[in-house]
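J.: missing the sequence, but the structure's below:
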């Protein structure tokens, strides 16, 4: 793509139309840009457009956003990736020009564009900095010093934002020698300039915050200091650098000042002014918390001062949601102190009591913002509130502070909180209508301070604050049994959360007595309440008693099953709950447990299909969609296990919807649709109905296989067809198409395993006379792939395939077909692949298969039984005995195979397996009971034919441990080698 007036007009028109509210011009513009982006120098041209002052700013802003996203997608694409045309990549010369232009352009741009270019620069630096972009940091430092000298804080903020983005990697990447070298380079070049700009800005703040200062002057100064603090956090995250240790006093002096000083000219200039100051204070709290966690010894001289400052600051922080981040980071710091060796700061008289009254209770009590969120945005409320969330909220972090203090002062904390909880409940009892928030606060404290543990896959909770069953009976049950499902919805949500949390403690008879009440709460119009009710029921079915036995069974829910299913589907009709993942997950769990009579199956499949038809129009919630397909899958599986005649009913109901998914190109649902179709094929008896055959033809279309996310599901469906209708492959060209798919899959490391699944199914289900003419092609493809890239995964898959071929079609066909490709290649593969890698095989069925195949080679194959091949025979037996006698951890190296980044960088798998539609693993050797017995029986037979020959080979080829193991096998199965 060339930079000229025509290109400027074309791109400007496209970017302007991407902002259009009308779908048609917007989609056309996006399509045109997608095509243009495949041309060389596209990124460079777009960057020059961003820099063009004659172009409207909104167009340049759209171009900057496109430039950033283009870099994210293409900057590191491998030029060896066969699936993407090579002319669409950002080549080396274009990259160098972009890197030379982007820093000065970013610094001269308006703030909104500057932010986008800063993010784009961070994308480049993530991959190129510092090794492939050594000039970046010196340029940034030089620009920072010039901007600082000119007090140009627009540029200062742009440079610091960029540096902040670059240095964030030190927080998240694994600590390696390369990362430490990068960190040292950054410290050597940036630590001193960072301190310089930080101290200079601090002086300006001190001067400007006086009577002469204005809010407008202070804003950029505080933003600059906040960015300095974030960079400080990144550079100190791995370890305490020597420079920062040497200059700790300068940093800590300013940090303390920001926590203890008021800036009325900025704080009182409106909510935004206070937010800017709070953001700096929150960044300071995160820094001192980092030092408290990682550099406690060096920091201890400042600890008492900061603890006092933070405590005092918290006393002045209002309950406004705009101050949440400051409150959370400040409380986090105190929590870290409470669990450290300096916890004695909390040991003074009345300190814990004061913390409870001034910090914990005020931050746990519901605020108007919480009530608003409960009513207006139930998804966000649940995300913050639901058990297991890792999201920081004031309520949660306040409870974490008390948990931290309880680490060393458990009895004291328990006593104080127990009294507080009783006082809150008494306040509620005195005036429920006015004081319902006190009861909510009490329930939240108990739930949040409970100790959770996971055992045997089941989660349970315990608490010392209350007697669970007594509290449940006196405080919780009344809320669950309240017939008015709309009264005090937040209390009902809290009660349901308590029931869910302590479900393992509630006796079965008590819980079952309350199930109808929870089912009734599914009809509450409050999205949170019916979500929590669904979650409570779903998790009850996961409770296990000792020994892992499920506490609740189908008989327990039979009395309420129809009402339960009706209410669950009713809940999905409430506004904003049409795609409620908690409700759908409950439907899935109920269908997995319940006794599925015809009276349940018919309305369930009708309801699920109706929901599926609706979400097909615009899929939005991937979690909900997964549970929806899982619900359909479990319903089909369990209903057909009980009554096979229902298969036709499911086909009639689901086929139109699955056809809609495929014909309307609802690509998000393709993998699910293929898995459901595979499940239906599996459930049919051969021959499968003719209605499936058009699907088989579509399945062989190359276009479907272009989407990597489709591949596992397509393979699953292809396997089902090959197993149920193998003779259909006799149609002209069909087997060639299937093997073409195998050839395509085997060529890429990301899909090679799927290729073997296809090949194994062909070998297992077709007669040798059908596949004989294709074997040369198959072996050639496998050997070519083996020669190009020999991975452990591929070698193991190849060994399993050869074993399956042998047990299905005999060793003679195996040897002849392999040698037809290249004379003597069988022995070569045996020596270089089969023998050394046999010990790496894992999995019960796979070990049995390869062991039996290896034993048959030893005792049936003339090439191996030949006297001249005695060395191979001995090595093969040694490897086979290793496989059968030693535990997996002793045979297989623990270090996982590292994927080739260049090959996988463009591969983003959107495939999610349906648990209930999974393929049952079948044993191809059902008639062989024990591989060890098969081996020694086979050896006994062959040694009887050649007496005296094999004991000598065994003594020479097998190591001592394997000789002993073989003797043991013979003794166990009463076999003798002669």
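T.: That came through fine. In this text the structure is predicted, and so the values were computed from the model without any measurement. Numbering: from 1, shown residues only.

J.: What ranges does the stretch 551-700 of the chain have for its helices?
T.: Counting by DSSP state H, counting those that start in this stretch, the stretch 551-700 of the chain has helices at residues 554-557, 561-571, 581-593, 598-615, 622-642, 647-663, 670-683, 693-699.

J.: Ok, which of those comes nearest residue 250?
T.: Closest approach to residue 250 among these is made by helix 622-642 (48.5 Å; C-beta to C-beta). In short, each C-beta sits where N, CA and C put it, glycine included.

J.: I would like the residues contacting that closest one, please.
T.: Residues from elsewhere that reach helix 622-642 (C-beta atoms under 8 Å, 6 or more residues apart in numbering): 579-581, 584-585, 587-588, 591-592, 596, 601, 604-605, 608-609, 611-612, 615, 619, 646-647, 650, 654, 668-669, 672, 675-676, 679-680, 683, 912, 914-917.

J.: What lies in contact with stretch 220-231?
T.: By C-beta under 8 Å, 6+ apart, the list of residues contacting stretch 220-231 reads 153-154, 156-157, 160-161, 163-164, 167, 190, 194, 197-198, 201-202, 204-205, 208, 254-255, 258, 263, 266, 276-277, 279-280, 283-284, 286-287.

J.: Please apply the same query to stretch 59-76.
T.: With C-beta under 8 Å, 6+ apart, stretch 59-76 has contacts from 11-12, 15-16, 18-19, 33, 37, 42-43, 46-47, 49-50, 52, 55, 88-90, 95, 109, 112-113, 116-117, 119-120, 123-124, 127, 905.

J.: Show the buried residues in the contacts of helix 622-642.
T.: By neighbour count, with 16 or more other C-beta atoms under 10 Å, the contacts of helix 622-642 hold 579-581, 584-585, 587-588, 591-592, 596, 601, 604-605, 608-609, 611-612, 615, 619, 646-647, 650, 654, 669, 672, 675-676, 679-680, 683, 912, 914, 916-917 as buried.

J.: got any ranges where the stretch 101-250 of the chain has weak pLDDT?
T.: Low-confidence segments of the stretch 101-250 of the chain (pLDDT under 70): 211-212.

J.: Now do the helices in it.
T.: Under DSSP H, counting those that start in this stretch, the stretch 101-250 of the chain gives helices at 111-128, 136-149, 153-167, 169-172, 177-208, 215-235, 242-246, 248-260.

J.: can you list contacts of the first one?
T.: Surrounding helix 111-128, the residues in contact under the criterion C-beta under 8 Å, 6+ apart are 50, 57, 60-61, 64-65, 67-68, 71-72, 75-76, 95, 98-99, 102-103, 105-107, 109, 133, 136, 154, 158, 161-162, 165-166, 168-169.

J.: now the longest helix seen in the chain: mean pLDDT?
T.: If you go by DSSP state H, the chain has its longest helix at helix 394-430. For helix 394-430, mean pLDDT is 93.

J.: Counting by contacts, list what that helix packs against.
T.: Packing contacts for helix 394-430, counted by 3 or more C-beta pairs under 8 Å, 6 or more residues apart in numbering; DSSP states H and E, involve helix 324-338, helix 351-355, helix 361-364, helix 436-448.

J.: just to revisit the earlier point, tell me which of the helices of the stretch 101-250 of the chain sits most buried.
T.: Greatest average neighbour count among the helices of the stretch 101-250 of the chain goes to helix 153-167 (a mean of 23), per mean count of other C-beta atoms under 10 Å.

J.: tell me the angle that helix makes with helix 136-149.
T.: 150 degrees (axes from the mean of the first three to the mean of the last three C-alpha atoms, to 10 degrees).

J.: chain center to helix 153-167: distance?
T.: Helix 153-167 sits 31 Å away from the centroid of its parent chain (C-alpha atoms, centre = their mean, to the nearest Å).

J.: Counting by contacts, list what that helix packs against.
T.: Counting contacts by 3+ C-beta pairs under 8 Å, 6+ apart, helix 153-167 is packed against helix 92-108, helix 111-128, helix 136-149, helix 177-208, helix 215-235.

J.: Minimum distance to residue 241: which of those helices has it?
T.: helix 177-208 (5.2 Å).

J.: What residues of stretch 644-664 count as buried?
T.: Across stretch 644-664, burial judged by 16+ other C-beta under 10 Å covers 646-647, 649-651, 653-654, 657-658, 660-662.

J.: would you turn the helices and strands packed on helix 394-430 into a markdown table with distance to residue 519 and mean neighbour count?
T.: Listed next are the helices and strands packed on helix 394-430 as a markdown table, based on distance: least, C-beta to C-beta, whole Å; neighbours: other C-beta atoms under 10 Å:
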| stretch | distance to residue 519 | mean neighbour count |
| --- | --- | --- |
| helix 324-338 | 36 | 23 |
| helix 351-355 | 41 | 18 |
| helix 361-364 | 30 | 21 |
| helix 436-448 | 21 | 22 |
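
J.: export those helices to a markdown table and tack on mean pLDDT?
T.: Converted to a markdown table, those look like this (pLDDT from 0 to 100):
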| stretch | mean pLDDT |
| --- | --- |
| helix 324-338 | 95 |
| helix 351-355 | 92 |
| helix 361-364 | 92 |
| helix 436-448 | 94 |
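
J.: Would you tell me which of those gets closest to residue 969?
T.: Of all the helices and strands packed on helix 394-430, it is helix 436-448 that lies closest to residue 969, at 57.4 Å by C-beta to C-beta.

J.: helices and strands around that closest one, which ones?
T.: When contacts are defined as 3+ C-beta pairs under 8 Å, 6+ apart, helix 436-448 sits against helix 361-364, helix 394-430, helix 489-501.

J.: residues contacting residue 168?
T.: 122, 234.

J.: Please repeat the previous calculation with a cut-off of 6 Å.
T.: residue 234 (C-beta atoms under 6 Å, 6 or more residues apart in numbering).

J.: quick revisit: quick one: closest of the helices and strands packed on helix 436-448 to residue 377.
T.: Using C-beta to C-beta, those put helix 489-501 closest to residue 377, at 14.1 Å.

J.: in the closest one, what's buried?
T.: For helix 489-501, burial by neighbour count (16+ other C-beta under 10 Å) applies to 489-501.

J.: Stretch 733-745 now?
T.: Across stretch 733-745, burial judged by 16+ other C-beta under 10 Å covers 735, 737-739, 741-745.

J.: taking the residues you listed one by one, which sit in helices?
T.: Within the buried residues of stretch 733-745, residues falling in helices by DSSP H are 735, 737-739, 741-745.

J.: What is the nearest of those to residue 355?
T.: Lowest distance from residue 355 to these (C-beta to C-beta) belongs to residue 745, with 61.3 Å.

J.: Please report the distance of that closest one from residue 753.
T.: 8 Å (C-beta to C-beta, to the nearest Å).

J.: okay, and the common contacts of those two?
T.: What both residue 745 and residue 753 touch, as defined by C-beta under 6 Å, 6+ apart, is an empty set.

J.: Can you list phi and psi of residue 451 for me?
T.: phi -100, psi 120 (degrees, to the nearest 10).

J.: Excluding sequence neighbours, find me the nearest residue to it.
T.: Counting by C-beta to C-beta, 6 or more residues apart in numbering, residue 462 is the residue found nearest to residue 451 once chain neighbours are left out, at 5.3 Å.
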